[in-house]
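[1] the following block contains a protein sequence and its predicted model.
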Amino acid sequence: MVEQLTEIPARRGKAVHVAQGHVLKLINTHGTQVIDTWAFNAADLHEFMSLEHTRPHIGHIIPKVGDVMFTNKRRPIVTLLEDTSPGIHDTIVAACDRYRYKFLGVEGYHDNCTDNLFSGMAELGLTPPEVPSPLNMWMNIPVAADGSISFQPTVSKAGDFVLLRPPVKPATLALWLAPPLLLIAGAALSLAYLRRRQRQVTDPGRPLSPEERQRLEQLLETDSDRQ
């Protein structure tokens, strides 16, 4: 079996074809990364890994070793063969996009999961017909007993990896390496702060205050320094 190493640059995306009988190994190089992961049927991009269809099959919100991920046509597309991390991943949060960053008060363009899905697949001459909800590898979004969620630091460590195997038919796996979790956790904390503030205002979509904008800029600047 031929091994091929593909590096996912920070805040960029890569898509790869995974042939029959091959496996994909995702390595968390520094222990702080989160990877938005998609899987498409290479023969029909309108069929893709669907977490909404997978959760009822596996019976839990975090995939475990041995779990099969299903498509929007309820067919197997990826099996989680091995996971050396503590096994904390997310299947709830949608891919970030320019609208999220605009909501957070970011002016100008900011790299995001959605655009990187398109650019990563474009390198293979492909265009995804839509943006499915990704499997957020190593993202830590616990669900509390009262049903609330929170954004917590990843618990993975440097060198952790997962092995994914497609079914008999070849698949196209699209990957996006999110910024270091500091930005994700920081942005989430800013959003949580805004939500607390929004209980006191009439318009939940109001612009950021100068103090909130300064805090967000500090978080983004810190993230840039870590690249």
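    Nice, I can see it.
[2] give the contact list for the closest residue to residue 113 other than its chain neighbours.
    Spatial nearest neighbour of residue 113, chain neighbours left out: residue 95 (3.7 Å); criterion: Cβ to Cβ, 6 or more residues apart in numbering. Where you see a C-beta, it was placed from the backbone N, CA and C, and this is true even at glycine. By Cβ atoms under 8 Å, 6 or more residues apart in numbering, residue 95 lies in contact with 36, 112, 113, 114, 117, 131, 133, 134, 176.
[3] pretty sure the second one sits against residue 96.
    Just to be clear, that refers to residue 112. Yes - Residue 112 is within contact range of residue 96, at 4.8 Å (criterion: Cβ atoms under 8 Å).
[4] which parts of this structure are helices?
    51-58, 98-103, 113-122, 181-198, 210-226 (DSSP state H).
[5] looking at residue 112 and residue 96, which one has more neighbours?
    Neighbours per residue (other Cβ atoms under 10 Å) separate residue 112 from residue 96, with residue 96 holding more: 24 against 21.
[6] backbone dihedrals for that one, please?
    phi -70, psi 160 (degrees, to the nearest 10).
[7] isn't residue 23 right up against residue 165?
    Yes - using Cβ under 8 Å, residue 23 is in contact with residue 165, at 4.7 Å.
[8] who's more crowded, these two?
    Between residue 23 and residue 165, residue 165 has the larger neighbour count (other Cβ under 10 Å), namely 17 against 13.
[9] wait, the more buried one sits on residue 77?
    No - using Cβ under 8 Å, residue 165 makes no contact with residue 77, being 10.2 Å away.
[10] in stretch 21-32, what counts as buried?
    22, 24, 26, 27, 28, 32 (16 or more other Cβ atoms under 10 Å).
[11] distance of the first one relative to residue 76?
    Yep, that's residue 22 we're talking about. According to Cβ to Cβ, to the nearest Å, residue 22 and residue 76 sit 16 Å apart.
[12] where's the residue positioned nearest the centre of the chain relative to residue 85, distance?
    Centroid-nearest residue in the chain: residue 36, 2.4 Å away (criterion: Cα atoms, centre = their mean). For residue 36, the distance to residue 85 (Cβ to Cβ) stands at 16 Å.
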